[in-house]
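Peer 1: with the sequence up front, the predicted model follows.
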Amino acid sequence: MTRSWQDHEELMTTRSPLRPPCAHCSHRRPSRAVLQRRGSGCHSRRLSGSLSSPETYLKNVPSLVPFSMDRKTTPTLGARFFRTDAGGEPLRDWLKSLPVIDRKSIGEDIKTVQFGWPLGMPLVDHLESGIWEVRSRLGTRIARVLFALDGDTMVLLHGFIKKEQKTPKQELDLAKDRLKQLKRVK
């Protein structure tokens, strides 16, 4: 059965930054649930047998063998909150002031950076002088968490809800000040 481009795009509705690309079409592979629901298309035509497990899926699609199903148990980067001289953690306090769903979304994005570093756009962007940002979408809003690298640890410096297209200068300056404090303490 021949699939149209629209059908192919429908298969691609489930994307994950950690899911490997399809060797056939270079798109991100859909989840197992989408494959079971659709039953055909470029991501399921090479399958034989059931989709009972991801291991079975990979065994039946030899061109995807380079991707390992072993979960990475240790992150590439550690993460810690910036701590002021008084012992406060401003980013942690800001996160606690957000709704649970927003905290979860930001936390998942930070975790993705920890396990997938180095990453680039659209999740991570380098701003300037050692400051990076984790870019999170929160429904209709956009959140940013600014961080710096301290060896193999990401130090979460500052977070804010973005209201303008460009990162506000005062938010960036605050992150720079905290980075200076961090270097001074070292």
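Peer 2: Yep, that arrived.
Peer 1: CA atoms for contacts and neighbours, from now on please.
Peer 2: Fine.
Peer 1: how about the strands in this protein?
Peer 2: Taking DSSP state E, the strands of the chain run over residues 78-81, 124-128, 131-138, 141-150, 153-162.
Peer 1: columns mean neighbour count on top of those strands, output as CSV?
Peer 2: As requested, those are exported to CSV (neighbours: other CA atoms under 10 Å):
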stretch, mean neighbour count
strand 78-81, 16
strand 124-128, 15
strand 131-138, 20
strand 141-150, 20
strand 153-162, 21
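Peer 1: any chance of the ones you listed in a markdown table, with distance to L179 and mean pLDDT too?
Peer 2: Output for the strands of the chain, formatted as a markdown table (distance: least, CA to CA, whole Å; pLDDT from 0 to 100):
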| stretch | distance to L179 | mean pLDDT |
| --- | --- | --- |
| strand 78-81 | 12 | 94 |
| strand 124-128 | 12 | 92 |
| strand 131-138 | 8 | 94 |
| strand 141-150 | 7 | 95 |
| strand 153-162 | 7 | 95 |
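Peer 1: could you dump these to JSON lines with distance to P168?
Peer 2: Formatted as JSON lines, these follow (distance: least, CA to CA, whole Å):
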{"stretch": "strand 78-81", "distance to P168": "21"}
{"stretch": "strand 124-128", "distance to P168": "12"}
{"stretch": "strand 131-138", "distance to P168": "13"}
{"stretch": "strand 141-150", "distance to P168": "11"}
{"stretch": "strand 153-162", "distance to P168": "8"}
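Peer 1: D177 is nearest to which of those?
Peer 2: Of all those, it is strand 153-162 that lies closest to D177, at 9.5 Å by CA to CA.
Peer 1: which strands border that closest one, and is each parallel or antiparallel?
Peer 2: Counting by DSSP bridges, the strands paired with strand 153-162 are strand 78-81 (parallel), strand 141-150 (antiparallel).
Peer 1: dump the ones you listed into a markdown table; add distance to I106 as well.
Peer 2: Formatted as a markdown table, these follow (distance: least, CA to CA, whole Å):
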| stretch | distance to I106 |
| --- | --- |
| strand 78-81 | 13 |
| strand 141-150 | 8 |
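Peer 1: quick one, helices of the chain?
Peer 2: 5-11, 32-38, 54-60, 90-97, 100-116, 169-185 (DSSP state H).
Peer 1: strand 153-162 and the fourth one, what's the angle between them?
Peer 2: I take that to be helix 90-97. Orientation check (axes from the mean of the first three to the mean of the last three CA atoms, to 10 degrees): helix 90-97 against strand 153-162 gives 50 degrees.
Peer 1: swap in the fifth one?
Peer 2: Angle, helix 100-116 to strand 153-162, by the same axes, to 10 degrees: 140 degrees.
Peer 1: buried residues in helix 100-116?
Peer 2: 102-103, 105-106, 109-116 (16 or more other CA atoms under 10 Å).
Peer 1: only the C-alpha atoms, please, for that helix, written as CSV.
Peer 2: As requested, the backbone C-alpha atoms of helix 100-116 are provided in CSV (Å, rounded to 0.1, in the frame of the first residue of the first chain):
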residue,chain,number,x,y,z
VAL,A,100,3.4,21.7,38.8
ILE,A,101,2.9,21.0,35.0
ASP,A,102,5.4,23.8,34.2
ARG,A,103,8.0,22.6,36.7
LYS,A,104,7.7,19.1,35.2
SER,A,105,8.2,20.4,31.7
ILE,A,106,11.3,22.5,32.6
GLY,A,107,12.7,19.6,34.7
GLU,A,108,12.3,17.2,31.7
ASP,A,109,14.1,19.6,29.5
ILE,A,110,16.9,20.0,32.0
LYS,A,111,17.1,16.2,32.3
THR,A,112,17.3,15.9,28.5
VAL,A,113,20.2,18.3,28.4
GLN,A,114,21.9,16.3,31.2
PHE,A,115,21.7,13.0,29.4
GLY,A,116,22.1,14.2,25.9
